[in-house]
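1. Turn this into a model:
(4 chains)
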There are 4 protein chains.
Amino acid sequence: MSGEPLLARLPHVVQWGDCDPAGIIYYPTYYRWMDAATWHLFAQAGYTAARIRAEQVSLPLVHAECSFVRSPTFGDACVVESTVAVFGGKSFTVQHRILRDDGSELATGREIRVWCRYEKGPGSPLRGEPIPEALKALFLSTP
Amino acid sequence: MSGEPLLARLPHVVQWGDCDPAGIIYYPTYYRWMDAATWHLFAQAGYTAARIRAEQVSLPLVHAECSFVRSPTFGDACVVESTVAVFGGKSFTVQHRILRDDGSELATGREIRVWCRYEKGPGSPLRGEPIPEALKALFLSTP
Amino acid sequence: MSGEPLLARLPHVVQWGDCDPAGIIYYPTYYRWMDAATWHLFAQAGYTAARIRAEQVSLPLVHAECSFVRSPTFGDACVVESTVAVFGGKSFTVQHRILRDDGSELATGREIRVWCRYEKGPGSPLRGEPIPEALKALFLSTP
Amino acid sequence: MSGEPLLARLPHVVQWGDCDPAGIIYYPTYYRWMDAATWHLFAQAGYTAARIRAEQVSLPLVHAECSFVRSPTFGDACVVESTVAVFGGKSFTVQHRILRDDGSELATGREIRVWCRYEKGPGSPLRGEPIPEALKALFLSTP
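-> Residues are numbered from 1 along each chain as shown, chains lettered A, B, ... in the order given. Purely as a prediction, here's the structure:
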């Protein structure tokens, strides 16, 4: 495989309720943003919410982390830039970079997730599956 | 039927992340509390989370409202007091009263919900059902 | 005064974390959306987050309610349409209508808020003020 | 200094709204829990919300991470066990362990935070300060 990794960009405005009494972003907000950014990245690669439901896919996490550089405040326009940085056997790492619209870096994070399916429909146990090569190819931007 | 309505009391401490840059509770927090209080009331009446799952019950809302009297801040100990105020044919009204531990009233709210079941297991469509008399009886405290 | 009320439109995609185990929107999400929509409406009328901070304005609520018609699921594109429906002496009512992008109505809600300022800077007590006519005029769309 | 690190235990019941359409905890919930657990640990060490406000202390994060072992579902009773694992010059690491009430480990996480004060009251810039020895001593449980 070759090509650049597919980069998804998900904009957010920092809402009043995303902030805490210090007047800056309440830090778990970043994880809500990263989760949404991963689904957005998958949608951009062809795995929309509808397809994920239809194929009974789920993407549970084994690890998530974020380092915080500077804190946006209410009303700041931001963007989460996301790529799949690493594909393992059944797991993969999504890399996130969170920027303010003046270009300054706010935070960087990553999530390690497992490619899973429900064994017998929604609500049934999840089972990890080897990530198909065809799936990996979706996360390369066409040259 | 007779007897006093069953009253459930669910305590909350106002967390840092429940507050907004004004330093007071972010108002949607009250709705999270009321939702949790309704499930807590049902658990106290015998409808625990496990039983709700097993019987494939769901309690979707048709209306929710809240009036705000005074605003707690970070660290305040509060309680949500909840009762079923009205049972209709398929719907019912849960009344909530939110107090600080000094006894002062913070807010009053109510939710109108429908007694529903999943037609064919989790994820399938929901269908409203007439509320059984046996269910109503669970929401009376024994004298 | 004359003219049509200013209408603000704030789009949202229903995120994975906005939904509950029933697979539909978790209802307090609507209140987060309405709160954000009010700030968005104010920004569109000229009261941006920066100006609100600078003028030490706050808009605490006395009441909020929402009626739920149908429930969106993960990935649905929605919009909140908001206007100031009524101006009182110190309070005002924001009307919200929440639609899916297929045009179907999901919910309607309203918030009653007070026009307030911090007496002595951030963190100091809030005081309601008569709503200036000049402010009201900002919420009319120019013909 | 000697003695065991002070251990705070903050219970949580997994609420309906803490879960996602997969029926398990929505992972950013863990960060809300860890944040609350840190404030709880500080309160237990004598730094209550009231004292934090009075002394104009803030504890911004530079990093947070969490590894997920198994996922609780709606209604599960859990506890977050927290200690200060490391004190640096101006920063410190809070270690969190999240357990279900059957004793099974759900997740482990840590936050790196800075000991800060507002230079000139709430809303003014934050400045990191060397962590006083007296503060560190508060996080040792008395033998």
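2. residues of stretch A:25-36 that come out buried?
-> Of the residues in stretch A:25-36, those buried by neighbour count under the rule 16 or more other C-beta atoms under 10 Å in any protein chain shown are A:25-36. The C-beta positions use only the backbone N, C-alpha and C, and glycine is treated the same way.
3. Same check on stretch A:10-24?
-> Within stretch A:10-24, the residues that count as buried by 16+ other C-beta under 10 Å are A:10, A:12-24.
4. Centre of the chain to that stretch, how far?
-> 19 Å (C-alpha atoms, centre = their mean, to the nearest Å).
5. How about stretch A:108-122?
-> Distance of stretch A:108-122 from its chain centroid, counting by C-alpha atoms, centre = their mean, is 11 Å.
6. Can you tell me the SS state at residue A:62?
-> The local conformation at residue A:62, judged by DSSP: H, G, I helix; E, B strand; the rest coil, is strand.
7. my read: it touches residue A:116, true?
-> No. Taking contacts as C-beta atoms under 8 Å, residue A:62 lies outside contact range of residue A:116: 11.0 Å.
8. Could you check which of these two is surrounded by more residues?
-> When residue A:62 and residue A:116 are compared for neighbours, residue A:116 comes out ahead with 19 against 13, by other C-beta atoms under 10 Å in any protein chain shown.
9. contacting residues for the more buried one?
-> Residue A:116 is in contact with A:57-60, A:126-129, counting by C-beta atoms under 8 Å, 6 or more residues apart in numbering or on different chains.
10. So for these, which is the shakiest by pLDDT?
-> Scanning these for pLDDT, the smallest score is found at residue A:126, 86.
11. Which strand residues bridge that one?
-> With DSSP bridges as the criterion, the beta-bridge partners of residue A:126 are residue A:118.
12. Next, count neighbours for it.
-> Neighbours of residue A:126 under the rule other C-beta under 10 Å: 18.
13. Redo the buried residues of stretch A:10-24 as CSV? Include distance to residue C:50 and secondary structure.
-> Putting the buried residues of stretch A:10-24 into CSV (distance: C-beta to C-beta, whole Å; DSSP: H, G, I helix; E, B strand; the rest coil) gives the following:
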residue, distance to residue C:50, secondary structure
A:10, 23, strand
A:12, 17, strand
A:13, 13, strand
A:14, 12, coil
A:15, 15, coil
A:16, 13, helix
A:17, 18, helix
A:18, 16, helix
A:19, 14, strand
A:20, 19, coil
A:21, 19, coil
A:22, 18, coil
A:23, 13, coil
A:24, 15, strand
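14. For chain B, state which of the buried residues of stretch A:25-36 is nearest.
-> Taking C-beta to the nearest C-beta as the measure, chain B lies nearest residue A:26 of the buried residues of stretch A:25-36, at 4.8 Å.
15. Leaving out sequence neighbours, find the closest residue to the closest one.
-> The shortest distance from residue A:26 to any residue that is not its chain neighbour, by C-beta to C-beta, 6 or more residues apart in numbering or on different chains, is 4.1 Å, and that residue is residue A:20.
16. ok, the one you found - contacts?
-> Listed by C-beta under 8 Å, 6+ apart, the contact set of residue A:20 reads A:26, B:16-17, B:19-21.
17. re the thing from before, just give me the closest of the buried residues of stretch A:25-36 to chain C.
-> Using C-beta to the nearest C-beta, the shortest approach to chain C within the buried residues of stretch A:25-36 belongs to residue A:36, at 4.5 Å.
18. how about the residue most central in space within chain A, what does it touch?
-> Most central residue of chain A, judged by C-alpha distance to the mean C-alpha position with C-alpha atoms, centre = their mean, is residue A:38 at 2.1 Å. When contacts are counted by C-beta under 8 Å, 6+ apart, residue A:38 is found next to A:59, A:82, A:94, A:96, A:111, A:113.
19. Just flag the most distant two among these.
-> Using C-beta to C-beta, the contacts of residue A:38 span at most 14.2 Å, a distance reached by A:59 and A:96.
20. correct me, but residue A:109 touches residue A:32?
-> No. Residue A:109 lies out of contact with residue A:32 (C-beta under 8 Å); the separation is 11.6 Å.
21. could you pull out the strands for chain A?
-> Per DSSP state E, chain A carries strands over the ranges A:8-13, A:57-58, A:61-68, A:77-87, A:91-100, A:105-114, A:116-118, A:126-128.
22. The fifth one packs against which elements?
-> The elements that strand A:91-100 packs onto, with contact taken as 3 or more C-beta pairs under 8 Å, 6 or more residues apart in numbering or on different chains; DSSP states H and E, are helix A:28-44, strand A:77-87, strand A:105-114.
23. State the pair within the buried residues of stretch A:10-24 that is farthest apart.
-> Taking every pair in the buried residues of stretch A:10-24 and measuring C-beta to C-beta, the maximum separation is 26.7 Å, between A:10 and A:21.
24. Point out the residues in chain A that sit beside chain D.
-> Within reach of chain D by C-beta under 8 Å from any C-beta of the partner chain, chain A has these residues: A:21-24, A:26-28, A:31-32, A:35, A:58, A:60-68, A:71, A:122-123, A:126.
25. Show me what from chain A comes close to chain C.
-> Close to chain C, as judged by C-beta under 8 Å from any C-beta, chain A has residues A:15-17, A:23, A:32, A:35-36, A:39, A:43, A:48-50, A:53, A:73-76, A:122.
26. Spell out which residues of chain A are next to chain B.
-> Chain A has residues A:16-17, A:19-23, A:26, A:28, A:73-74, A:121-123 near chain B, with proximity defined as C-beta under 8 Å from any C-beta.
27. of all these, which comes closest to residue D:133?
-> Using C-beta to C-beta, residue A:22 comes nearest to residue D:133 of the residues of chain A next to chain B, at 25.7 Å.
28. For the residue of chain A found nearest chain D, which non-adjacent residue is closest in space?
-> Relative to chain D, the nearest point of chain A is residue A:65 (3.4 Å; C-beta to the nearest C-beta). Counting by C-beta to C-beta, 6+ apart, residue A:65 lies nearest to residue D:65, which is 3.4 Å off, once chain neighbours are set aside.
29. Which among the contacts of residue A:116 count as buried?
-> A:57-60, A:126.
30. Tell me which two in those residues are the farthest apart.
-> A:57 and A:60 (10.6 Å).
31. ok, back up a step: dihedrals phi and psi, the residue nearest to residue A:26?
-> For residue A:20, the backbone dihedrals are phi -110, psi -180 (criterion: degrees, to the nearest 10).
32. can you check residue A:115 too?
-> Comment: the main-chain dihedrals of residue A:115 come out as phi -80, psi 110, following degrees, to the nearest 10.
33. Next up, the contacts around the closest residue to residue A:13 other than its chain neighbours.
-> Residue nearest to residue A:13 in three dimensions, not counting chain neighbours: residue A:77, with 5.5 Å by C-beta to C-beta, 6+ apart. Contact criterion C-beta under 8 Å, 6+ apart gives A:11-13, A:100-101 as the residues in contact with residue A:77.
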